[in-house]
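[1] Give me coordinates for this.
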Amino acid sequence: MDSSGSQEKKPVPRFASFKLPPPEADHPPERPRRDTISREDKSRSHSERHTRHRSHRRDRSRSRESRRKHKDKEHHARFDKADRYDRPTPETPHTSILDRHTTGKDDRSELYVIDRKGDKYNLIYGTLHRYSVPDYYRVGRGNVLGLPSSYRIDRDSVVEDKLVIRNELQRKAFSRTKAKSILSALNKQQPRLLRFKPQSLLDAAADFSKDYLPLSTSESRKHLGAFGEFDYDDEKYAYRSIHGKAKPEEHLPSDVEATSDSDIDGEYGIRGDPDEQIKQRNALLSQGLEKDPADINRWLEYIDHQESLLRGSAGEIKPLTYAEKQSLADIKLSLYEKALKKVGQSDAKDRLLLGYLEEGAKLWDTKKLSTQWQTVLRSNSQYISLWVKYLDFRQTEFLNFTYQQCFNTYVECLRLNKSAPESPGNSQIQMYLFLRLTLFMREAGYAEHATALWQAILEIAFFRPDSLQGIQDDKELLSTFLDFWDSEIARVGDAGAKGWSSGSRELPTQQEFKPVFQLDSEALLPSWAPCERERITNARLPAFSLNISEQDDPYRVILASDLDEILSLVWHVDSPTLLLDGLISFCRLPPIVTEENQETNGRTAGDPFVRNEVMSTAFSMINDWISRAPAANESAALSPFQFPQQNFISTIETLMSEKESWFSSLCTWNTAISNSDFDVVPLWTRRALRMLVDAAPSNDDLAEFTLCVEFACSSKDAKKFAKSLLKKRSSNLRLYNAYALMERRSGNHAAADHVWATALSMSKTFSDYDRLDSILLWQTWLWELLDTQNMAHAAYILLSIPQDSIDLNALPQDSTLPAFTPTSLLKIRSHLSDLQEKVLAHRKATNFTASTVSLAILSYLTNSQDLHKAFEAYTHALDRLSSLPEQHRPFKTYTAELLHQSRARLLYHHIHTRRTYKPTHIRAILSESIALFPHNTIFLSLFAWTESRFRIDDRVRSVVREITSSTSATRTTTTTKNPTDPYNLSAPPIPITTHLFSIYTELSRPIFAGSTSHSVRAAFEGAIADDSTTASPHQTSSSSSTSTIASTSSSSARSNPSTWKLYILFELSLHEIQRAKEIFYRGMRACPWSKELIMLAFTHLRADVVRENHPADARKGEGMGFDELRHVYNVLVEKELRIHVDIEQELDDLAARMVEKRGLEIGREVIRMPDDGDDEVDDDVDNGSEVGRG
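    Below you'll find the model as predicted:
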């Protein structure tokens, strides 16, 4: 305290930055002692931190908290110290209390003052004068006298003149789960409430009388103070105010003002509750359930609404905390239990059961979750959807997973579906389960068994002898087939195979396996990895007993008894097309999407258990998967065709596309087959497809697809096969079109033109139905000419379309466009419009799209390449589709996506060639396509490409974030089911391809556009995120492996091994070895069946490999040593995954010798003093230097 007189002697400076230096004589003599005290405090805090670190040396979150607390203490110590040093010293020298007591009477009077006048500066600054407060020190590190030691003053929380006391134990627990985002504070801010200021009638009349429109109200232009004075900045921002601490200025428009929920205005009344609408909706749903408690639709909607009720008006802006997520799951779980009691038996009860188990997985441990699954299945075994989800659970549940148990679950699920009541969706479900089963077997290492099952079912379905066609008895048919199998005659896909029905007795020829790599006892693990890889590659197809060698194991030969159980459940599939679709997916080929199978193939195209191309290729680095901009020209936009995992409708244009001209459906497959480690044998696939083309002469889609696959592997063999097919199907215009494209891709443009012209001339003799395909040839020819910018020939082609023939000799020899007369234009448009109606009547989607493309190109060429005019043709076609009856919904959806894909191709051609366009128009077109088909990678890739050219990548992030966070498809809230898909299994939540696209865009984005290692990690974590994981987001592999919280596949990418492999490769590219190991362990727990994922420990994370590929000064962490690799190998054994070269005994013996060696070293250390280098030797042994020797 101080008198007013003393304050008159020393006026307070106006600016806080102005500090009067204290006189030298007045410097406090205790300053050196304060420094000593500060250093002692720091030393004690360091000691405390090290003590805590020793007691929790493996708890990273706790050590991070202690470091944060230590920094806070240092910060406060420095702040207090600086505050004391910068404070002007009073005229009276500083003395201690004891010194004051020893002084005379005059000195004792300075211990206090009597002030009857008051301090006038309290009225000016609203608080005590900071220079008049006596010097003091904070002791106790925030502890409060009388409270337990765990309660401390929280100096991070600033609440005006109040103290905040927190329990440090609770604070530590909270800090481990608290996000450390730099923007986390924004989530705590409440939304600001604004309202318009009421304008007086005089002001309104004054503004109305003016001869100009003011951009702001008159009030905003007034800068006078309350007393007619100007508001200077230094007065406005005084560092003290009678109203308390100065607050930052709120820049609000002049017509609005801030308000709050408690503000009352006589004219406008009390502001309503911002959550009122959400609460009313909740009340309405609750009332509806009271009236009709059996309404499953309303129950599902009511349960989903609980999250909106919890979030309130903040919506998606504020992320839920872990405690809120757990609370929400608990609420939903209780509501599901209540709903299940109310609805009784219903066809849609499975939706409630699935939701109940999904929420329970966030709260229960693995044991309880498994028990609940078994309980639900016992009482609701009729729902195949439950069994499919149970498969997901059993296949991804690490603790109790074994190969045989998961295999038995698949068999049980197949048996249940076969015994279910007959319905249109049974065959689809059966084939989906069979595909999942065979992929599971191959990825677990049993590739021969999986391939043998496909050979067997294809023989029965397509090559059954005529004498057995009418047999419906399972036992008789299977007994005859198994005799054929045991005879070891060449089967589907084998060299020389002709099919079961041919009666051929030709035995297959198989080369003897001669291994190149051998085990080295001096380097056991390094030599084991290539030995195992070599035998994996050799074991992709089943062996024959005649060709088995001493090196082969008994699993190589598949006996009839190995097939009997599965074949009896799947051989009677109604539709052979379902088998073909499954085989194509099994061979890692893009699906053949048609109007009939778009729903079923929609699932496999994005299914995380099906789309695993990355795992089947030998990607050793992340750069093998992505394409980056050249360093010399980082500003150049990357090609939009580089994303490997495509997801769109494949057509002849994408199956046989020109490189860097349009998207390719077979580019990834063509790259993969060039690698000998690919888990599919390309030659076997080609032979099987050829046999199936002959066995299904009416399947034009399969024939065209097989020609494209052949051409991707060998152009010479493909042309030969095309000619042989054309001899058998001389009226098939689609095959002529494919052959012409082969010649075009081979550089024989004249030969291709001749094929097109000849086929079109011949089509005049074909039937009217076959002649409808002629528009496919015209369209393909037009696209080829546009890609080469040969506009003159393209115009001539358009003029020839009404005649259904063309004279090649009359093609223009220069670049001058032929003249389009009004008569010729009318004739072309009329012909194409009539053709549109004809193919629409026959439900030919590709033909309808081709005629629309021809109309669009016609408008494009005749209107000076105006994109707006060209797109009118697509608008009319889409309007025509929308007018079709609702029963044609699958056809409408399929055709609309084809139209959008072709429109996107014309858009890309215009951007690529003309370079004069409006970015807003391009963005609007692509945004419309993405809104309708959000997971089509053509639209996503083009959108990312166009936006990257304009350097506005945040749009890409926002679009990708929106479609990857959407939950519209995770669980439908309607009980109306597709008759062809009654269990709603054809719509995965979010396709894995979309998650991978999100990761790809972040990896491909250059640094100057905002891509960092953190943004890429965020994309990976967003893909594999799981709300049911434990609370700590920073747990290590050791801590999270013992987690008791069950994991579920709530994110589609979490159960996808390819995503985990890419994540590991990404961290390795940054030399983040420790991070890569942690991610490896997480991936192994999420995908325990994937042998290839586990093999990364031996090929990429081994200590000697890490030391070789990652410089010591750059890498962060060390690779896996012997002990870690031995534990990983034991996982292969415990999970019953296939091991070709068993080294379990060798590893045990080596481990015993290492333990004995370490024991001797420890014994010697007892009787001798260790040298300085001993620690380094021990560290080398612990870090895996023994890997080099074994």
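
[2] phi, psi of Asn790?
    phi -90, psi 80 (degrees, to the nearest 10).

[3] err, Ala543, not the other one
    Backbone torsions of Ala543, given as degrees, to the nearest 10, read phi -90, psi 170.

[4] Quick check: bridge partners of it?
    Counting by DSSP bridges, Ala543 forms beta bridges with Val557.

[5] so how far is Leu519 from it?
    Distance check for Ala543 against Leu519: by C-beta to C-beta, to the nearest Å, it reads 22 Å. (Glycine included, C-beta is placed from N, CA and C.)

[6] In terms of neighbours, single out the busier of the two.
    For Ala543 versus Leu519, the count of surrounding residues by other C-beta atoms under 10 Å is larger for Ala543: 20 against 16.

[7] hey, where'd the strands end up in this protein?
    Secondary structure of the chain (DSSP state E): strands located at 151-153, 165-167, 193-196, 256-259, 264-265, 269-270.

[8] Would you give the sheet partners of the second one, along with the direction of each?
    Read it as strand 165-167. The strands beside strand 165-167 in its sheet (DSSP bridges) come out as strand 151-153 (antiparallel).

[9] ok, residues contacting the partner strand?
    For strand 151-153, the surrounding residues in contact (C-beta atoms under 8 Å, 6 or more residues apart in numbering) are Arg141, Gly142, Asn143, Val144, Leu163, Val164, Ile165, Arg166, Asn167, Glu168.

[10] for it, what is the average pLDDT?
    Mean pLDDT, strand 151-153: 81.

[11] gap between that strand and the chain center?
    Put simply, strand 151-153 sits 43 Å off its chain's centre (C-alpha atoms, centre = their mean, to the nearest Å).

[12] next one: stretch 444-456
    The chain centroid and the centroid of stretch 444-456 are separated by 30 Å under C-alpha atoms, centre = their mean.

[13] got the CA positions of it in CSV?
    Below are the C-alpha coordinates for stretch 444-456, written out as CSV (Å, rounded to 0.1, in the frame of the first residue of the first chain):
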residue,chain,number,x,y,z
ALA,A,444,-3.3,-66.3,-44.8
GLY,A,445,-0.9,-68.3,-47.0
TYR,A,446,-3.1,-71.1,-48.3
ALA,A,447,-3.2,-69.9,-51.9
GLU,A,448,-3.3,-73.4,-53.4
HIS,A,449,-6.4,-74.3,-51.5
ALA,A,450,-8.1,-71.1,-52.5
THR,A,451,-7.3,-71.5,-56.2
ALA,A,452,-8.3,-75.1,-56.1
LEU,A,453,-11.8,-74.1,-54.8
TRP,A,454,-12.2,-71.7,-57.8
GLN,A,455,-11.1,-74.3,-60.2
ALA,A,456,-13.6,-76.8,-58.8
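
[14] what mean pLDDT does that stretch have?
    Per-residue pLDDT values over stretch 444-456 give a mean of 95.

[15] Identify each buried residue in stretch 940-950, please.
    Of all the residues in stretch 940-950, those buried under the rule 16 or more other C-beta atoms under 10 Å are Leu940, Ser941, Leu942, Phe943, Ala944, Trp945, Thr946, Glu947, Ser948.

[16] what would the residues you listed look like in JSON lines with distance to Ile649?
    Output for the buried residues of stretch 940-950, formatted as JSON lines (distance: C-beta to C-beta, whole Å):
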{"residue": "Leu940", "distance to Ile649": "14"}
{"residue": "Ser941", "distance to Ile649": "15"}
{"residue": "Leu942", "distance to Ile649": "15"}
{"residue": "Phe943", "distance to Ile649": "18"}
{"residue": "Ala944", "distance to Ile649": "20"}
{"residue": "Trp945", "distance to Ile649": "20"}
{"residue": "Thr946", "distance to Ile649": "21"}
{"residue": "Glu947", "distance to Ile649": "24"}
{"residue": "Ser948", "distance to Ile649": "25"}
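
[17] Those in helices, which ones?
    Of those, the ones assigned to helices by DSSP state H are Leu940, Ser941, Leu942, Phe943, Ala944, Trp945, Thr946, Glu947, Ser948.

[18] Closest to Thr668 out of the residues you listed?
    Lowest distance from Thr668 to those (C-beta to C-beta) belongs to Ser941, with 13.6 Å.

[19] His935 versus the closest one, what's the distance?
    12 Å.

[20] Over to Leu825?
    39 Å.

[21] now swap in Ala695 and tell me
    Here Ala695 is placed at a distance of 33 Å from His935 (C-beta to C-beta).

[22] Run a quick neighbour tally on Asn601.
    Using other C-beta under 10 Å, Asn601 is surrounded by 20 other residues.

[23] and the closest residue to Gln372 other than its chain neighbours, how many neighbours?
    Spatial nearest neighbour of Gln372, excluding adjacent residues (C-beta to C-beta, 6 or more residues apart in numbering): Gly360 at 6.0 Å. Residues near Gly360, counting by other C-beta under 10 Å, number 23.

[24] The chain should start at 243 in everything you say after this.
    Done: numbering now begins at 243, and the last item shifts to Gly602.

[25] re earlier: can you pick out the most distant pair from the buried residues of stretch 1182-1192?
    Pairwise distances across the buried residues of stretch 1182-1192 (C-beta to C-beta) peak at 12.4 Å, for the pair Leu1182 and Ser1190.

[26] middle-most residue in this structure, spatially?
    His1237 (2.6 Å; C-alpha atoms, centre = their mean).

[27] From Val1202, how far off is it?
    Separation of His1237 from Val1202 (C-beta to C-beta) stands at 9 Å.

[28] Show me where the stretch 643-792 of the chain dips below the pLDDT cut-off.
    Along the stretch 643-792 of the chain, segments meeting pLDDT under 70 span 789-792.

[29] Could I get the full set of helices for it?
    When assigned using DSSP state H, counting those that start in this stretch, the helices of the stretch 643-792 of the chain occupy the ranges 645-661, 668-685, 689-704, 716-728, 766-780.
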